[in-house]
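Engineer: compute the structure for the input listed below.
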Amino acid sequence: MKKKINILLIEDNEGDVELIKEAFSSDAARLEISVIDNGEDALLSLKSKDRVLPDLILLDINLPKVDGREVLHFVKNDDGLKKIPVVMLTTSSLQKDIEYSYNNYANCYIVKPGNLPDFIRTLKSIERFWLNCVTYLQNS
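Structural biologist: Residues are numbered from 1 along each chain as shown. The predicted structure follows:
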């Protein structure tokens, strides 16, 4: 049996959260998805001494309170977090956001498609690769 995968989804759009959970439902038995809807709470959670380290972070850029750029920067500059893969999953197709994300060690950058069928297809691609192909570090 494959290891349980802990995903931290940092996303403020409730509709997108539901679509992501639904798209990943075929792997629900081996997934633990935690959702945080703003960057400030995400930082507090990630800084917590009692934190459960996620295996994968799905991160939106346009978040309330603290944006996803700051969250990414924090994760990739923290020795205890920087090895966690971060997938930027956002509506922003701005070159400056893409460049910033890769300059700050995002593992990939995915622009959310504007229509539902393409968004579902994209989520299924994320599921196939990040949940079925990738080998994760063992968190201690």
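
Engineer: mind checking pLDDT for residue 49?
Structural biologist: Note on residue 49: pLDDT of 84.

Engineer: which helix or which strand is home to it?
Structural biologist: Using DSSP states H and E, residue 49 falls within no helix or strand.

Engineer: okay, now it: neighbour count?
Structural biologist: For residue 49, the neighbour count with other C-beta atoms under 10 Å is 4. Quick note: C-beta positions are derived from backbone N, CA and C, even for glycine.

Engineer: what does residue 27 give?
Structural biologist: So residue 27, with other C-beta under 10 Å, has 15 neighbours.

Engineer: that one contacts residue 126, correct?
Structural biologist: No: the pair residue 27 / residue 126 is not scored as a contact, 11.2 Å apart, by C-beta atoms under 8 Å.

Engineer: for this protein, which helix or strand comes out least confident on mean pLDDT?
Structural biologist: Counting by mean pLDDT, DSSP states H and E, the weakest-scoring helix or strand in the chain turns out to be helix 132, with a mean of 80.

Engineer: that's all I had, so thanks and see you.
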